[in-house]
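Undergrad: When you get a sec, could you give me coordinates for this:
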Amino acid sequence: MAKGSQQLAELVGPHLAAGEELLASARFTYNGTVPSNVHTLDSAISVIESVGEPGTPPDPDVAVSFPTANQMAIALTGGRLFLWSLGLSGKPKQFIGNVPLHALARVRAEDGSYGRHLHITMRSSAVVDLEFMRGEPTEEFTDQLLALVDTSD
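TA: Sure thing, here's the model as predicted:
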């Protein structure tokens, strides 16, 4: 386990629920979020359908946001993503939040001109674009995340 991964494992430990364990971790550069209100008609219909009939409570997963920082470390468990902002040295600096995996509608990985990207579509239809930092375990993290999130359309 790399030094950064060991440090992240120590940081995530106190946040884990009983039986929850760290599966993978990686450092990312945040490339931006496309808000849900600029997506296609299909995405808009999906959000409207998630609200349900008048008088019924909306789907709470639609309200989940993805905490961000310019550079961040993400720890993956079987049920959540834990996020830390990174300091100038590249070490985790501040805990910025967690995201339950059931709030993710889709995950897509692709190789870009500067490295591997993750595009995470939230249940709100917002799309978060992350780029793996150099030297990170891109395949391990991607494989673990894709195995946990339903990627069917």
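
Undergrad: tally of neighbours for residue 103?
TA: Neighbour count for residue 103, taken as other CB atoms under 10 Å: 21. For glycine as for every other residue, the C-beta is placed from the backbone atoms N, C-alpha and C.

Undergrad: Also the one 5 residues further on?
TA: The burial metric for residue 108, expressed as a neighbour count using other CB under 10 Å, is 13.

Undergrad: Need the nearest residue in space to it, chain neighbours excluded.
TA: Of all residues not flanking residue 108 in the chain, residue 119 sits nearest, at 4.5 Å (CB to CB, 6 or more residues apart in numbering).

Undergrad: check contacts around the one you found.
TA: Residues near residue 119 by CB atoms under 8 Å, 6 or more residues apart in numbering: 107-110, 127-130.

Undergrad: and residue 99, helix, strand or coil?
TA: Going by DSSP: H, G, I helix; E, B strand; the rest coil, the secondary structure assigned to residue 99 is strand.

Undergrad: wait, it sits on residue 79?
TA: No - using CB atoms under 8 Å, residue 99 and residue 79 do not qualify as a contacting pair, with a distance of 10.1 Å.

Undergrad: So for the two, which sits in the more crowded spot?
TA: Ranked by neighbour count (other CB under 10 Å), residue 99 and residue 79 place residue 99 first, with 20 against 14.

Undergrad: and the contacts of residue 119, which of them are in strands?
TA: 107-110, 127-130 (DSSP state E).

Undergrad: Format these as JSON lines; extra columns: pLDDT and distance to residue 140.
TA: Listed next are these as JSON lines, based on pLDDT from 0 to 100; distance: CB to CB, whole Å:
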{"residue": "107", "pLDDT": "93", "distance to residue 140": "14"}
{"residue": "108", "pLDDT": "92", "distance to residue 140": "17"}
{"residue": "109", "pLDDT": "91", "distance to residue 140": "12"}
{"residue": "110", "pLDDT": "91", "distance to residue 140": "17"}
{"residue": "127", "pLDDT": "92", "distance to residue 140": "23"}
{"residue": "128", "pLDDT": "93", "distance to residue 140": "20"}
{"residue": "129", "pLDDT": "94", "distance to residue 140": "20"}
{"residue": "130", "pLDDT": "95", "distance to residue 140": "15"}
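
Undergrad: ChimeraX command to pick out the buried ones of these?
TA: In ChimeraX, a selection of the buried entries from the ones in strands among the contacts of residue 119 looks like this (16 or more other CB atoms under 10 Å):
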select :107,109,127,128,129,130
